[in-house]
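Asker: heads up, no residue letters with this:
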């Protein structure tokens, strides 16, 4: 009898273990604290709105805060892979952290969908980046929109100031190349750190160069620092920001100094101002409605929408992967990678995703609009 009971117990444990493995485990690395908190908090809030079942399988979200720190991001990822046996990781919020995670996911064979902007996260698609996808628009796409707007506005000379990290460097490479090709003269290139409290030296150099416009390549509330310093020094030219500032915390911190600023952004930022014919309006409004129902009117941000779009890509890819393998296995992770790469016409809050073996972003020009900060809010530039 004792042997029979032991056998039954072993069978029961095996059954429980098998059932646990059938659960889809999603790791989330988000910058909910630190300099990028204004980006990471709405992302973290958005994961609470994600479905708890996909393709008939239960989904378990394991959410860790990387505190906007590269070392912590990698530590979190290794923990989720080794201890939690994740099937996929979503994150990180910012480009330096996401870039640091690439080697780890490639080695482990775990697909990753980043919520950060740098094109270097997914380009070129090589042996490592074949495991990596992302939802934010590339800096190249947004740089093109900025340069076009500058030229149409009569800008002849421009200065650049950006983060002294992968985000700023990615923007500099893309923007300077496009500006040069369009005969737009760049007269300054300055950098600062996300945690800096003063950029007086950099701004004095920019003002002395007398550019027609300045592009600030920062994200979140730290991007307000150069703009406020420019205004304090009497700069009267046009100021452009990147889509990294498209949230209400930036408006609050920058205040009146940001009035009249131009930036490219995902359609979700001004979804209610889009014509009904816009192909992204419906999917963008779906996210806005859900987020504001949970957090109040006007609370939505484009960064939360990047997180939302990672969920939509999973909802499209997981049912395809489940036809080939069970969650908790290397075969499922590989099948999920393949399914993400094959995603077509996935309508997100920021655009329509069409992935391919050479394009792990999959967004086209429908994913961007130009916006002006006017009367303390976002105004679609038509």
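Answerer: On my side now, so go ahead. All values derive from a computational prediction rather than experimental measurement. Numbers count the residues shown, from 1 in each chain.
Asker: where's residue 99, which helix or strand?
Answerer: helix 95-108 (DSSP states H and E).
Asker: quick one: contacts of that helix?
Answerer: The contact list for helix 95-108, computed with Cβ atoms under 8 Å, 6 or more residues apart in numbering, reads 29, 31, 66, 68-70, 73-74, 77-78, 81, 89, 91-92, 111-112, 114-118, 120-121, 127-132, 134, 165-167, 170. (C-beta placed from N, C-alpha, C; glycine too.)
Asker: rerun that using 7 Å as the cut-off
Answerer: 31, 66, 70, 73-74, 77-78, 81, 89, 92, 112, 114, 116-118, 120-121, 128-129, 131-132, 165-167, 170 (Cβ atoms under 7 Å, 6 or more residues apart in numbering).
Asker: and that helix, which residues are buried?
Answerer: 95-102, 104-106, 108 (16 or more other Cβ atoms under 10 Å).
Asker: again, but for stretch 184-198
Answerer: Under the neighbour-count criterion of 16+ other Cβ under 10 Å, stretch 184-198 has 184, 186-192, 194 buried.
Asker: tell me the average confidence for whichever helix or strand comes after the helix holding residue 99?
Answerer: Downstream of helix 95-108, the first helix or strand assigned by DSSP H and E is strand 112-114. What strand 112-114 shows for mean pLDDT is 98.
Asker: again, but for stretch 350-365
Answerer: 97.
Asker: Tell me the one of the buried residues of stretch 184-198 nearest residue 160?
Answerer: residue 189 (5.0 Å; Cβ to Cβ).
Asker: Skipping adjacent residues, who's closest to the closest one in space?
Answerer: Spatial nearest neighbour of residue 189, chain neighbours left out: residue 160 (5.0 Å); criterion: Cβ to Cβ, 6 or more residues apart in numbering.
Asker: hang on, that neighbour is in a strand, isn't it?
Answerer: Yes - applying DSSP: H, G, I helix; E, B strand; the rest coil, one finds residue 160 inside a strand.
Asker: Sort out which of the buried residues of stretch 184-198 are in strands and list them.
Answerer: Here DSSP state E is the test, and the buried residues of stretch 184-198 give 186-192 as lying in strands.
Asker: So what does residue 63 look like in phi/psi?
Answerer: phi -110, psi 120 (degrees, to the nearest 10).
Asker: tell me which element the closest residue to residue 200 other than its chain neighbours is part of?
Answerer: Excluding the flanking residues, the one nearest residue 200 by Cβ to Cβ, 6+ apart is residue 229, at 6.3 Å. Element membership for residue 229 (DSSP H and E) is helix 224-232.
Asker: now that helix, how far from the chain's geometric center?
Answerer: From the chain centre to the centre of helix 224-232 is a distance of 25 Å (Cα atoms, centre = their mean, to the nearest Å).
Asker: What is that helix packed up against?
Answerer: Counting contacts by 3 or more Cβ pairs under 7 Å, 6 or more residues apart in numbering; DSSP states H and E, helix 224-232 packs against helix 200-209, strand 213-217, helix 248-254.
Asker: neighbouring contacts of it?
Answerer: Around helix 224-232, the neighbours that count as contacts under Cβ under 7 Å, 6+ apart are 161, 192, 196, 199-200, 203, 214, 216, 239, 250, 253-254, 257-258.
Asker: Check which element follows that helix along the chain.
Answerer: Trace forward from helix 224-232 with DSSP H and E and the next one is strand 238-241.
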